[in-house]
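**Student:** Kindly generate the corresponding structure for this input.
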Amino acid sequence: MTRLMKTDEKYKRWITDISKRFKQSQLKAAVRVNTEMLLFYWGIGRDISAFYENASYGSEFYKTISTDLKDIFPSIKSFSPTNLKYMRYFYEMYPEAVINRQQLVDESSDAGNGQQLVDNFNAIFQIPWGHHVQILGKCRGNAEKALFYVRKTLENNWSRATLLNFLDTDLYERQGKAVTNFALTLPKEQSDLAQAMTKDPYNFDFLTLREHYDEKELKDALISKVENFLMELGTGFAYMGREVMVKIGDTEKYIDLLFYNARRHCYVAIEVKTGKFDSSYAGQLGTYVVAVNHQIKMEEDNPTIGLLVCKDMDKVEAQYALEASSQPLGVSSYVLSKLIPEEFKGSLPTIEEIEAELTDHKAND
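**Tutor:** Next up, the predicted model:
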């Protein structure tokens, strides 16, 4: 660090500002390069699709294109037969993406629907090609589903691995599907946002439990994997605590899990049950929601919502129970496949045993 950096605050702020501007410029340049590349791939896909419409080139056509393009561009690795197929899928998934793009941008101020299309097309050309390959592979023939994952990737800055996880667990089909009374208990704007952040079922495949697990074991496992649980809950959730105490009259009650959703600016009280939904659960959770509103919620927060996650439910019974409640509540089920036999789990070493074995091993070295 130079003397000026150490002694002149104005100079130091200027150098720091240059650093920030340079990083922002790098990011913008990377986005522009990515956009231009995706536009190029879209164009190649359009041309290949047209060739297939006008003539029959056979199964070797992609291999032929790949060979010829590699002869012209020997250092470019993007022209494999498989990648060329995905370029065609890319065009056929979004055939109007480029053709109407500029027209829609020009007209976007006239209609909300036009703006939505512009946003969709802009999103398409802002996420990396590797993400598109995963989306195209899982969403062939369903542009609405593909655009859902494109938007989610852009909104949440998903890595390719995170995107693949949500593709594999059918997030599109599960999103916003919980049984709720939000439309009856919340203003429309808040209701829509609250509904969108629910899922049914929740996927707990990141847990490994014995076959006859109980509620305590399930809750312990969720907290031990709280980062995975937060990812499954969705964007904007922050973990506030487990067994959160609220006082109801002279009685102390404990909420299984308490979260805060930064997007909806509200607390979310979650109760987890290993059995089938029972209508009494809605009354219990509604009481907890009221308690949070009185004892924890701040004036600037939106009303607390409650979410009950059960192993199974009768949706008609759940809907009736929620309609009887004045508090905003939702009911979802969960799925869990990583169960191991009781006798096998009992034979596995504990963390303490593994650590003791490692300590003994080091001592003997």
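**Student:** From here on, just use CA atoms for contacts and neighbour counts.
**Tutor:** OK.
**Student:** For the stretch 1-150 of the chain, just list every one of the helices.
**Tutor:** With helices called from DSSP state H, counting those that start in this stretch, the stretch 1-150 of the chain shows them at 3-7, 9-54, 61-72, 81-93, 101-107, 112-124, 129-138, 143-156.
**Student:** Out of those, which is closest to residue 337?
**Tutor:** Proximity to residue 337 (C-alpha to C-alpha) singles out helix 129-138 among the helices of the stretch 1-150 of the chain, at 21.3 Å.
**Student:** for stretch 126-140, which positions count as buried?
**Tutor:** Under the neighbour-count criterion of 16 or more other C-alpha atoms under 10 Å, stretch 126-140 has 126, 127, 128, 129, 131, 132, 133, 134, 135, 136, 138, 139 buried.
**Student:** and what of stretch 160-167?
**Tutor:** Buried residues in stretch 160-167 (16+ other C-alpha under 10 Å): 160, 163, 164, 166, 167.
**Student:** now swap in stretch 41-57 and tell me
**Tutor:** Of all the residues in stretch 41-57, those buried under the rule 16+ other C-alpha under 10 Å are 41, 42, 43, 44, 45, 46, 48, 49.
**Student:** Output the residues you listed in TSV, with distance to residue 329 and pLDDT appended to each entry.
**Tutor:** Formatted as TSV, the buried residues of stretch 41-57 follow (distance: C-alpha to C-alpha, whole Å; pLDDT from 0 to 100):
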residue	distance to residue 329	pLDDT
41	46	91
42	44	92
43	48	90
44	49	89
45	47	91
46	48	90
48	51	87
49	49	88
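**Student:** From these, pick the one nearest residue 186.
**Tutor:** Among the buried residues of stretch 41-57, residue 42 lies closest to residue 186 (C-alpha to C-alpha), at 43.0 Å.
**Student:** Wait, the closest one touches residue 90, no?
**Tutor:** Yes. The pair residue 42 / residue 90 is scored as a contact, 6.2 Å apart, by C-alpha atoms under 8 Å.
**Student:** And residue 165, how far from residue 219?
**Tutor:** Counting by C-alpha to C-alpha, to the nearest Å, the separation of residue 165 from residue 219 is 22 Å.
**Student:** thinking again about what came up before, quick one: which two of the buried residues of stretch 126-140 are the most distant?
**Tutor:** The distance between the two most remote of those (C-alpha to C-alpha) is 19.2 Å, for 126 and 138.
**Student:** Tell me how many other residues crowd residue 141.
**Tutor:** 12 (other C-alpha atoms under 10 Å).
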